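quick one: sequence and predicted model below, then my questions.
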Amino acid sequence: MPFFTLIFILAVIAAIGTQLWLSIRQSKHVAEHRPAVPSEFSESITLEEHQKAADYTQAKGGFGRKELIISTVLLLFWTLGGGLAWLDGLWGNAGLSELYKGTAVILSFMLISSLIDIPSSLYRTFVIEEKFGFNKLTIKTYLVDLVKGTLLSIVIGVPLIMLVLWLMNTAGSLWWVYAWLAITAFSIIMMWAYPKFIAPIFNKFTPLEEGEVLNRITTLLERNGFNSNGVFMMDGSKRSSHGNAYFTGFGKTKRIVFFDTLLKQLTPTQIEAVLAHELGHFKHKHVLKGMVVSMTMTLVGFGVLAYLMQQAWFYTQLGVNNQTTYMALLLFMLVSPVFTFFIGPIMSWWSRKHEFEADAFAAKESSAEELISALVGLYKKNAGTLTPDPMYSAFYDSHPPASIRIAHLRRQ
């Protein structure tokens, strides 16, 4: 067996094996703690609510394992199974230049992948989410979202794909630097454009009405010198009963968004505490730090791709004989997650560290107890498990487990 083929297969086995092992650990751990509510939550969460969260976690985990196996089979089909070579051959006689042919092949791959994912998406939404009372989507809204998302991906994605392929073909040995600069500029533009032009395509954003909630928010923002383009309520209940809040935008387009479900679930003082937590991310420059890390990883990724695209074994030992720039890009997109999978725990740890810092800021600027009560309410409403497996949580969770997070808040 060719050396890189062997390395790839071993990496796939390691990644899928670890993911399955962690998922099974999570399911077993949650099941073992299903009979009783953890003592620190016994006064605020009923046994029925705790068991609903356990069942919801297990349902998602069980289906996730099936999706993982299917996605691994598809990965092997596209690569070693010759799927990409087959797709490339379909466009071989179209008489297109390499730039247009490459764009067509990549778009075809993305379209096929999206179509393959539809049954899983339907099951997650209309079976699992529906069963546990979270789904508010209708089939009509689902299809409209699908069409909008597809058209938007084409309008935005095609020029970006063509630009990267053009740079790969014409910009010489430093193409990867120019491509990185283009992707970075695109990301910054999207941060500016998303809240103003893209998000309203899918949801309705209404300025928050005058009242206690807005007054508390305004006072908190003014106290911390945060200038925004407004505070908005989003019609999240159109699709789900899950609640959330977030900052979005860049520069003068920064805005604060609350799901309408969240505003209905929490009291004004709890909402203030949740916003203080989000403001803590801003004050500690977590978004900026995340952008720097993401841009650095993208630059490194392009540098690695620049090397690999010059190596014949990268193509032939992954099931592709046509050594073109677009095939190099497609192969890299497919196989790089396998080799970077074990970076995940580091990024999760870093994210949890940021959550602790934002919590500490919220405790100082608002109220630790109000944030705790808001978090417990959100765990209850969203059926978040209170008893995740420690190993699973360390590997995947961007937020600390409920018990650890609340204990940390009470020490503030």
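Yep, it's here. Numbers count the residues shown, from 1 in each chain.

make it CA atoms for all contacts and neighbour counts henceforth
Noted.

now residue 5, nearest residue through space, not along the chain?
Counting by C-alpha to C-alpha, 6 or more residues apart in numbering, residue 317 is the residue found nearest to residue 5 once chain neighbours are left out, at 5.3 Å.

was I right about that neighbour contacting residue 1?
No: judged on C-alpha atoms under 8 Å, residue 317 makes no contact with residue 1 at a distance of 9.1 Å.

quick one: secondary structure of residue 84?
The three-state label given to residue 84 by DSSP: H, G, I helix; E, B strand; the rest coil is helix.

not counting sequence-adjacent ones, nearest residue to it?
residue 78 (5.2 Å).

ok, the one you found to residue 136 distance?
Between residue 78 and residue 136 the computed distance is 35 Å (C-alpha to C-alpha, to the nearest Å).

when these two are compared, which one has more neighbours?
Under the criterion of other C-alpha atoms under 10 Å, the comparison of residue 78 against residue 136 puts residue 78 first, with 22 against 18.

quick check: residue 232 is in a strand.
Yes: counting by three-state DSSP, residue 232 falls inside a strand.

low pLDDT regions in this structure?
Low-confidence regions of the chain, defined here as pLDDT under 70, cover residues 251-253.

please enumerate the strands of it.
Remark: strands assigned in the chain by DSSP state E are 205-207, 231-234, 245-248, 255-259.

now these in a markdown table, with mean neighbour count and distance to residue 10?
Listed next are the strands of the chain as a markdown table, based on neighbours: other C-alpha atoms under 10 Å; distance: least, C-alpha to C-alpha, whole Å:
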| stretch | mean neighbour count | distance to residue 10 |
| --- | --- | --- |
| strand 205-207 | 16 | 48 |
| strand 231-234 | 21 | 45 |
| strand 245-248 | 18 | 39 |
| strand 255-259 | 22 | 43 |
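
so which of these is nearest residue 38?
Closest approach to residue 38 among those (C-alpha to C-alpha): strand 245-248, 26.8 Å.

hang on, the earlier thing: surely the residue nearest to residue 84 is in contact with residue 72?
No: in terms of C-alpha under 8 Å, residue 78 does not count as a neighbour of residue 72; the distance is 9.9 Å.

show me which of residue 317 and residue 1 is the more surrounded one.
It is residue 317, of residue 317 and residue 1, that has more neighbours when counted by other C-alpha under 10 Å, with 18 against 7.

mind listing what the more buried one touches?
Residues in contact with residue 317 (C-alpha atoms under 8 Å, 6 or more residues apart in numbering) are 2, 4, 5, 80.

which one is residue 308 nearest to, not counting chain neighbours?
In space, and not counting its chain neighbours, residue 308 is closest to residue 314: 6.2 Å by C-alpha to C-alpha, 6+ apart.

doesn't residue 307 make contact with that neighbour?
No: Residue 314 lies out of contact with residue 307 (C-alpha under 8 Å); the separation is 9.8 Å.

who has more neighbours out of the two?
It is residue 314, of residue 314 and residue 307, that has more neighbours when counted by other C-alpha under 10 Å, with 20 against 12.

the more buried one and residue 171, how far apart?
Noted for residue 314: a distance of 21 Å to residue 171, by C-alpha to C-alpha.

likewise for residue 242?
46 Å.

ok, now residue 156?
Applying C-alpha to C-alpha to residue 156 and residue 171 gives a distance of 22 Å.

quick one: which of these two has more around it?
Here residue 156 and residue 171 are set side by side on neighbour count (other C-alpha under 10 Å), and the busier one is residue 171, at 15 against 12.

kind regards, and thank you for your time.
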